[in-house]
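>>> Below are the sequence and a predicted model; questions follow.
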Amino acid sequence: MTKFKNAILLTGAAARIPQEVAIFDKLQERSTNSLQISESDTILVGFSSGSLNLAGLNACFREKNPLKWKEYYQEEVLFPLKNSDVYVKKNPPLIPFFNTDSFRETLNRFLEKTEMNHVKDLGFHSYILTQLSRKGKDKKHHIDRETLWACSKNVLQEYLSLSDVLMASTAIPIVFPSQEIHCETGHETDFPEREYHDGGTKGTFDNFEEYLGKLITEKGQLEELYIISPRREKSNEDISETKKSIAERFGDIEHELLKDLLSVITMRTFLKFLVKLQEWGETNFPIAQNIYVCIPEMENSYKILDFEKGEEQYNEVKEWFSAHPEKLAVPLNEYIQRHEHHLA
């Protein structure tokens, strides 16, 4: 039976994913207790743009034919990204507001280079989250939205198109179009033939009990769990600024799913997940002997739809943690106590 040593949870936040890469690098660069990962004993979990970093880690830290983490993934994939590589504004502005065909092309070039076509091609035990959309009688709204975790080691999910799953996990409601997920002909899957949205739409690692919780119950407690997140909105002022940056691209709009998006990237929603994780450990047993929260708290908040400042974000986060090394990996209970006022 496989015994896992550690796990990395990647939350993503659209264009802020270089921040996660910077955090990962700082964890690896530590002189003591540096983060080491391998296919044999590491679990990777990602949703939204965090799923892209999950794919990058798989490509660059796999056992066979790994690509270069810095020279390839960072310098050739992430840092050169232009907004036009991800989305094109629709004219006239109809919901969803952006066309993401260019992102599909960008993504497929990456997958071709990495030789990863299906979910099973992720060498690490990996979970990619996406949200199932079911249309009810009212065709304008999605109901019974469930968060599903596509697993690289599940025989009913291993032949899902990795391109489709990543497109779905990053399909921000209202902003980007929902996606279908296809399984290779001749193979069975338990993923419904529906449309899918961003894996973080219902919250941070929604439904983790059903997937990660069950896996750890079966396989045994981890030694270390790292929860890696970009900077999050802490105040109404932060949220207003983010909403303004979205409005700059497609105009001001009020919509239930867009409100969901804005709430998901807040510190409050992030803390709700941390508390649930803490409570799960109290009811069952801690998922890991040591659970660390890794999130920068610098003043600057980068726009979630501006993909053209990747290297700037990366450098700023690394510099911030160099100045605040004590905040790089904060124990779960300590982090909750320090920030519980955001739950008020």
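Right, received. Where do you want to start? All of these numbers come straight from a predicted model, not from anything done at the bench. Numbering: from 1, shown residues only.
>>> Go through this structure and flag its longest helix.
As assigned by DSSP state H, the longest helix anywhere in the chain is helix 267-283.
>>> ok, then the element right after that one?
Using DSSP states H and E, the helix or strand that follows helix 267-283 in sequence is strand 288-294.
>>> And the strands in this structure, which stretches?
Ranges of strands within the chain are 6-10, 42-47, 88-89, 98-99, 125-135, 142-151, 179-180, 195-198, 222-228, 288-294, 330-331, based on DSSP state E.
>>> List the neighbouring strands of the second one plus their orientation.
Paired strands of strand 42-47, with direction, are strand 6-10 (parallel), strand 125-135 (parallel) (DSSP bridges).
>>> Check the third one too.
Sheet partners assigned to strand 88-89 using DSSP bridges are listed as strand 98-99 (antiparallel).
>>> chain center to the partner strand, what's the gap?
20 Å (Cα atoms, centre = their mean, to the nearest Å).
>>> returning to what we had before: mind putting the strands paired with strand 42-47 into JSON lines with distance to residue 183?
Just so you know, the C-beta spots here come from the backbone N, C-alpha and C atoms, and that holds for glycine as well. Below are the strands paired with strand 42-47 laid out as JSON lines (distance: least, Cβ to Cβ, whole Å):
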{"stretch": "strand 6-10", "distance to residue 183": "24"}
{"stretch": "strand 125-135", "distance to residue 183": "14"}
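>>> Least confident of the ones you listed, on average?
Lowest mean pLDDT within those: strand 125-135, at a mean of 87.
>>> Give me the mean pLDDT for stretch 35-48.
97.
>>> can you put the strands paired with strand 42-47 in CSV and add mean neighbour count and distance to residue 164?
As requested, the strands paired with strand 42-47 are exported to CSV (neighbours: other Cβ atoms under 10 Å; distance: least, Cβ to Cβ, whole Å):
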stretch, mean neighbour count, distance to residue 164
strand 6-10, 25, 19
strand 125-135, 24, 9
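>>> Relative to residue 338, which of those strands is closest?
strand 6-10 (19.1 Å; Cβ to Cβ).
>>> Show the backbone phi and psi for residue 187.
phi -120, psi 150 (degrees, to the nearest 10).
>>> just residue 302 next, same as before
On the backbone of residue 302 - angles per degrees, to the nearest 10 - the values are phi -80, psi 150.
>>> Ok, the one 4 residues further on next?
Note on residue 306: its backbone torsions stand at phi -100, psi 100 [degrees, to the nearest 10].
>>> Tally up the residues packed near residue 25, please.
17 (other Cβ atoms under 10 Å).
>>> err, residue 342, not the other one
By other Cβ under 10 Å, 17 other residues sit near residue 342.
>>> who touches the residue nearest to it when sequence neighbours are not counted in this structure?
With sequence-adjacent residues excluded and distances taken as Cβ to Cβ, 6 or more residues apart in numbering, residue 342 is closest to residue 267, at 4.6 Å. Neighbouring residues of residue 267 by Cβ atoms under 8 Å, 6 or more residues apart in numbering: 232, 233, 234, 339, 342.
>>> Now do the contacts for the first one.
Taking Cβ under 8 Å, 6+ apart as the definition of contact, the neighbours of residue 232 are 13, 265, 266, 267, 270, 295.
>>> Which one of these is nearest to residue 165?
Minimum distance to residue 165 across these is 18.8 Å, recorded for residue 13 (Cβ to Cβ).
>>> how near is the closest one to residue 266?
11 Å (Cβ to Cβ, to the nearest Å).
>>> returning to what we had before: quick one: which two of the contacts of residue 267 are the most distant?
Taking Cβ to Cβ, no two of those sit farther apart than 233 and 339, at 13.1 Å.
>>> which one of these two has more residues nearby?
More crowded of residue 233 and residue 339, by other Cβ under 10 Å: residue 233, with 24 against 19.
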